[in-house]
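1. Return atomic coordinates for the entry below.
(one chain, ligands or ions: 2)
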Amino acid sequence: AVALRLIAAGVVYPNGTRALHSTSLDFAEGAFTVLLGPSGAGKSTLLRSLNGLVPLSEGHVETSRLGVVRGTRGWREHRRSTGMVFQQHQLIGRLTAFANVLTGRLGHHSTLRSLLPLSPAEKHLALDALERVGLLEFALRRADQLSGGQQQRVGIARALAQAPNLILADEPVASLDPATSERVLALLHDICRQDGLSAIVSLHQVDLARQFADRIIGIGGGRVVFDGPPKDLDEAA
Ligand code: ADP
Ligand code: ADP
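-> Ligands and ions are numbered 1, 2, ... in the order given. The predicted model follows:
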């Protein structure tokens, strides 16, 4: 089944830069898809357009659950079920790992009042997520006291605490050394497999894409320049 569909989608930024030419893509449920390309190729634009962080200038995003995503409500609904992992992980340094993971729950509350007495269920979601990334013992440590790899694992836990059915990760290992990059990506990959989660992950490292992707979508100059399994990349090279 198709989890997410991009239909004739294009992006022009307000300054006139066209970062995505008209593109249609289907993302299969449960697949680990890598967007591969050099800096400036348009990976981030494509990934962010999938959850409305970058508005589409043309075309649509469609999900199996919501149909064509439209309106403030539609996008809010869609984002609620989408876990986003960022390159600079965007943690709040002076908050604990646990508190950072809880911020992933903010989108599930429409009023501050409903957030204040955090339910035990919600705290469990956060602790479960920390356990799954191997950081339960660091739950009460400040984020800025953690290593780069640990911080990105908190970033993954925050996405998981949303109980998402889709993970979008924008260069999640770009600021990590090669060995840590491989470990963090392996962790993300294993969790998505176990939960049957669809993941779309942008990377610029070909070797990592080959190692983890079910499907590689090569991006260059705002266009899809390759689309297939890793073995076809070898033949194309
Ligand atoms: P990548 O993620 O592959 O590095 P991006 O999607 O960030 O690529 O960028 C694609 C192109 O769009 C680049 O030319 C970049 O400079 C441009 N771009 C990205 N963000 C903006 C923006 N907010 N305004 C104008 N141009 C942008
Ligand atoms: P990345 O490599 O992760 O895409 P960048 O350093 O290219 O990040 O961009 C950082 C921020 O600046 C992003 O929010 C991006 O949208 C914006 N940006 C990138 N290129 C441009 C540009 N040419 N004009 C305006 N904003 C840009």
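2. where does this structure have low pLDDT?
-> 89, 107-117, 236-237 (pLDDT under 70).
3. can you rerun that using 50?
-> For the chain, no stretch has pLDDT under 50.
4. how near is the residue in the chain that ligand 2 sits nearest to to ligand 1?
-> Residue nearest to ligand 2 within the chain: Ser44 (3.9 Å; CB to the nearest ligand atom). C-beta: built from backbone N, CA, C; applies to glycine. Distance of Ser44 to ligand 1, computed by CB to the nearest ligand atom, to the nearest Å: 3 Å.
5. Help me confirm that that residue comes into contact with Leu168.
-> No: contact between Ser44 and Leu168 fails when scored by CB atoms under 8 Å: they sit 10.5 Å apart.
6. Convert the strand or helix carrying the residue of the chain closest to ligand 2 to PDB, retaining C-alpha atoms only.
-> For Ser44, the element it lies in under DSSP states H and E is helix 43-49. Extracted C-alpha coordinates of helix 43-49, given in PDB (Å, rounded to 0.1, in the frame of the first residue of the first chain):
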ATOM      1  CA  LYS A  43      16.500  17.000  -0.600                       C
ATOM      2  CA  SER A  44      15.600  19.200   2.300                       C
ATOM      3  CA  THR A  45      13.000  21.100   0.200                       C
ATOM      4  CA  LEU A  46      11.400  17.800  -0.900                       C
ATOM      5  CA  LEU A  47      11.400  16.400   2.600                       C
ATOM      6  CA  ARG A  48      10.000  19.500   4.200                       C
ATOM      7  CA  SER A  49       7.300  19.800   1.600                       C
END
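7. just checking, what packs against it?
-> If you count contacts as 3 or more CB pairs under 8 Å, 6 or more residues apart in numbering; DSSP states H and E, helix 43-49 packs onto strand 2-12, strand 18-28, strand 32-36, strand 166-170, strand 198-203.
8. Go ahead and measure how far the top helix by length along the chain is from the middle of the chain.
-> Ranked by residue count under DSSP state H, the longest helix found in the chain is helix 178-195. Distance of helix 178-195 from its chain centroid, counting by CA atoms, centre = their mean, to the nearest Å, is 13 Å.
9. So which elements touch that helix?
-> Applying 3+ CB pairs under 8 Å, 6+ apart, one finds that helix 178-195 contacts strand 32-36, helix 148-160, strand 166-170, strand 198-203, helix 206-212.
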